[in-house]
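>>> Output the structure for:
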Amino acid sequence: MASTLTKRDIAEAKVTIWEMLARGDKDSEIIDAVGLGADVYAVIKHQVLDDKAQALRNKPPEHVYVEYILAQERNINDLTAMIAEFKKSKQYNAMVGAIKARADLHDKLIAKGQEFGLFRKESEHKVIAGVLVSELSREDLKSAITGAISGLDKMMSMYGESSIIDVTPGALHHGPALPPPSQPSSDVIAPKAKKASKTGRANRAKTSKRIRGRKPYKKRPEP
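Next up is the predicted model:
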């Protein structure tokens, strides 16, 4: 059947196939619509996809991004209309979901623009083990990773396969030598205890006399 198709028939079939694919129709539905056999349809569909891919490769990245914006703008407009309807009908949960979806689309537009190289993206200031990785060049980063792996390999060769009981402890202090502890001087005299005041001594004496003058306690007989 493919040999009986003219160039015009194939061109018209490509247009129909692409439109139905973009609409989300199934292959079986497209085959019935164009009236082609499954084998012929597979060949023409492959040509359609190749044509579209080549068209994308021929476009400048900014043109592809603009077309992406147009497609997303239609979705944003639909969401805006839905938000207004949800607000009128007081469907607040649905309205909040639509607002969030619209905000996500705006964020995607910015992210895609950065991927296409149309917007400058600030580098993230990531700090790993105290090193500002984003500020390192490729060679510096490679050297830092190689040094860290080398140090890890050395540590594993020394301690990795050994029992912790058999490991010989290394130096516990790697800084400058600590000063010797200061010795207490024999000339230091401890302060004397503070003398009690005359009033305090007199009060304690009176209390002592009252205690000594009390009669011993006797238990009363039970009735």
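>>> switch to C-alpha atoms for all contacts and neighbour counts from now on
OK.
>>> Enumerate every residue touching Thr80.
Neighbour list for Thr80: 98-99, 102 [criterion: CA atoms under 8 Å, 6 or more residues apart in numbering].
>>> Show me the domain layout of the protein.
Domain assignment of the chain by automatic domain parsing yields the ranges 1-58, 60-121, 127-159.
>>> weakest of the ones you listed in terms of mean pLDDT?
Lowest mean pLDDT of these: domain 127-159, a mean of 68.
>>> and the next element down the chain from whichever strand or helix holds Ala84?
Ala84 is part of helix 61-88, with elements assigned from DSSP states H and E. Using DSSP H and E, the helix or strand that follows helix 61-88 towards the C-terminus is helix 92-115.
>>> so that following helix versus helix 61-88, what angle?
When axes from the mean of the first three to the mean of the last three CA atoms, to 10 degrees is applied, the directions of helix 92-115 and helix 61-88 differ by 170 degrees.
>>> so what secondary structure elements neighbour helix 92-115?
helix 61-88 (3 or more CA pairs under 8 Å, 6 or more residues apart in numbering; DSSP states H and E).
>>> For the helix it packs on, buried residues please.
65, 69, 72-73, 76, 79-80, 82-83, 86 (16 or more other CA atoms under 10 Å).
>>> Roughly how far does Ser150 sit from Arg138?
Ser150 is 18 Å from Arg138, where distance means CA to CA, to the nearest Å.
>>> quick one: contacts for Ala38?
Listed by CA under 8 Å, 6+ apart, the contact set of Ala38 reads Ile31.
>>> Start at 55, not 1
Got it, the first residue is 55 from now on, which makes the last one we talked about Ala92.
>>> Tally up the residues packed near Arg111, please.
If you count neighbours by other CA atoms under 10 Å, Arg111 ends up with 11.
>>> no wait, Gly171
The burial count for Gly171: 12, using other CA under 10 Å.
>>> Now it, what are its backbone angles?
When quoted as degrees, to the nearest 10, the phi and psi of Gly171 stand at phi 80, psi 20.
>>> thinking again about what came up before, make CSV out of the buried residues of helix 115-142 and add distance to Gly89.
Below are the buried residues of helix 115-142 laid out as CSV (distance: CA to CA, whole Å):
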residue, distance to Gly89
Tyr119, 36
Ile123, 35
Gln126, 33
Glu127, 35
Ile130, 37
Leu133, 37
Thr134, 40
Met136, 39
Ile137, 42
Phe140, 43
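>>> No further questions, thank you.
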